[in-house]
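Q: Predicted structure and sequence below. I'll ask about it afterward.
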Amino acid sequence: MYKEKFDMTGRVVIVTGGGGLVGREYVAALSEAGAHAVVADLNLDAAQAAAENVPGEKALPLRLDLTDLNSIQQMIDQVMNAYGRIDGLVNNAAIDPKFDRDHQQFHTNSFETFPLELWQQSLDVNLTGMFLCTQAVAPIMIQQKKGVVVNISSTYGMNGPDQRLYQKDDPNEPPTYKPVNYTVTKSAVFGFTKYLAAYWADNGLRVNTLTLGGVFNNHDEEFVRRYSARTTLNRMANKDEYCGALIFLLSDASSYMTGANLVIDGGWSAW
């Protein structure tokens, strides 16, 4: 009985940013759980690579530009032509500056001089793109009287970044920072989730946030040491460790859950 609640057989789930580091893991997990995963990514080659490496149901790779309404609608039309329904949307795609202690970009990420164009770009992708994709699937889910949206956020949306993690030990080196755009856009995800959960209360649609901690992606040893010391599990996440939570949120196992925030951060927020 309880195993059936996690069953995703035949369900159609769009994963934006599905060709990325964690997005690929979501796609593989959904396929293994029996779902038809739609790998929507700006990089079509990455989407195709992710779709070709699934262990279960075939995945559909599609190019998606979150800043282009026509691209979003084209993606929706292609999904409907292929499957005739949309059961889930994972708003995973986002601009997240990857930390590299030697990258010049991180030497220019101070708030006082942060470029307006980078701020606007993050708003366009991380927030407006999420808004437009959700708006596009809404009529389909409402007509079905069932659908699930999962919005991906970050511990840096719950709390400001610990900038000490990004500094070099050499005082003569310029300071480096995790930039303001990421924290602000990820923080807004919580409000978006709660608004939609309340708005769609009578339509059979559920909306929740999945908040992630840091995922190891070939970071330098000093950063990993500093980050790990901030978590109660004393390590960064592996790229596949969020898949169980995602399946839970998309499946009937979470049928009484909406407007909530599921935090998977290795204990970062426990102290």
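A: Cool, the structure landed.
Q: Now the helix or strand containing residue 78: buried residues?
A: Assigned by DSSP states H and E, residue 78 belongs to helix 69-83. Neighbour counts over helix 69-83 (16 or more other CB atoms under 10 Å) mark 71-72, 75-76, 78-79 as buried. For every residue, glycine as well, the C-beta is placed using N, CA and C.
Q: So which of the residues you listed is the closest to residue 161?
A: Among those, residue 72 lies closest to residue 161 (CB to CB), at 30.1 Å.
Q: Let's have the buried residues of helix 69-83 in TSV, adding pLDDT and distance to residue 7.
A: As requested, the buried residues of helix 69-83 are exported to TSV (pLDDT from 0 to 100; distance: CB to CB, whole Å):
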residue	pLDDT	distance to residue 7
71	98	32
72	98	29
75	98	26
76	98	25
78	98	26
79	98	21
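Q: could the residues you listed go into CSV alongside distance to residue 200?
A: Shown next, in CSV, are the buried residues of helix 69-83 (distance: CB to CB, whole Å):
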residue, distance to residue 200
71, 25
72, 19
75, 21
76, 18
78, 24
79, 20
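Q: if we can go back for a sec, following the helix holding residue 78, which helix or strand shows up next?
A: Where DSSP H and E defines the elements, the next helix or strand beyond helix 69-83 is strand 88-91.
Q: OK, contacts around the residue lying closest to residue 87 once chain neighbours are set aside?
A: Distance criterion CB to CB, 6 or more residues apart in numbering; nearest residue to residue 87, sequence neighbours excluded, is residue 11 at 4.1 Å. Residue 11 is in contact with 34-36, 87-88, 250, counting by CB atoms under 8 Å, 6 or more residues apart in numbering.
Q: Separate out the buried members of those.
A: Neighbour-count burial (16+ other CB under 10 Å) applied to the contacts of residue 11 gives 35-36, 87-88, 250.
Q: Include pLDDT and distance to residue 6 when you put these into TSV, please.
A: Listed next are these as TSV, based on pLDDT from 0 to 100; distance: CB to CB, whole Å:
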residue	pLDDT	distance to residue 6
35	97	11
36	97	16
87	98	14
88	98	13
250	98	9
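Q: Check what pLDDT the residue nearest the centre of the chain gets.
A: Geometric centre of the chain, nearest residue: residue 92, 2.5 Å, by CA atoms, centre = their mean. Listed pLDDT for residue 92 reads 98.
Q: OK, contacts around it?
A: Counting by CB under 8 Å, 6+ apart, residue 92 touches 15-18, 20, 22-23, 26, 152.
Q: phi, psi of it?
A: Torsion angles at residue 92 (phi, psi; degrees, to the nearest 10) stand at phi -100, psi -30.
Q: separation between it and residue 83?
A: To residue 83, residue 92 is 19 Å away according to CB to CB, to the nearest Å.
Q: now swap in residue 73 and tell me
A: Taking CB to CB as the measure, residue 73 falls 16 Å from residue 83.
Q: swap in residue 243?
A: Applying CB to CB, the value for residue 243 to residue 83 is 22 Å.
Q: Over to residue 95?
A: From residue 95 to residue 83 the distance is 29 Å (CB to CB).
Q: now residue 145
A: According to CB to CB, residue 145 stands 17 Å off from residue 83.
Q: ok, back up a step: out of the buried ones among the contacts of residue 11, which is nearest to residue 199?
A: Of all the buried ones among the contacts of residue 11, residue 199 sits closest to residue 88, with 17.9 Å by CB to CB.
Q: my guess is the closest one meets residue 16, correct?
A: No - assessed by CB atoms under 8 Å, residue 88 is found out of contact with residue 16, at 11.6 Å.
Q: how about the helices of this structure, start to end?
A: Taking DSSP state H to define them, one finds helices in the chain at 2-5, 21-32, 44-52, 69-83, 116-122, 129-144, 155-158, 180-199, 221-229, 243-250.
Q: Present those as a markdown table; the columns should include distance to residue 209.
A: Output for the helices of the chain, formatted as a markdown table (distance: least, CB to CB, whole Å):
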| stretch | distance to residue 209 |
| --- | --- |
| helix 2-5 | 21 |
| helix 21-32 | 15 |
| helix 44-52 | 23 |
| helix 69-83 | 21 |
| helix 116-122 | 18 |
| helix 129-144 | 11 |
| helix 155-158 | 9 |
| helix 180-199 | 4 |
| helix 221-229 | 22 |
| helix 243-250 | 9 |
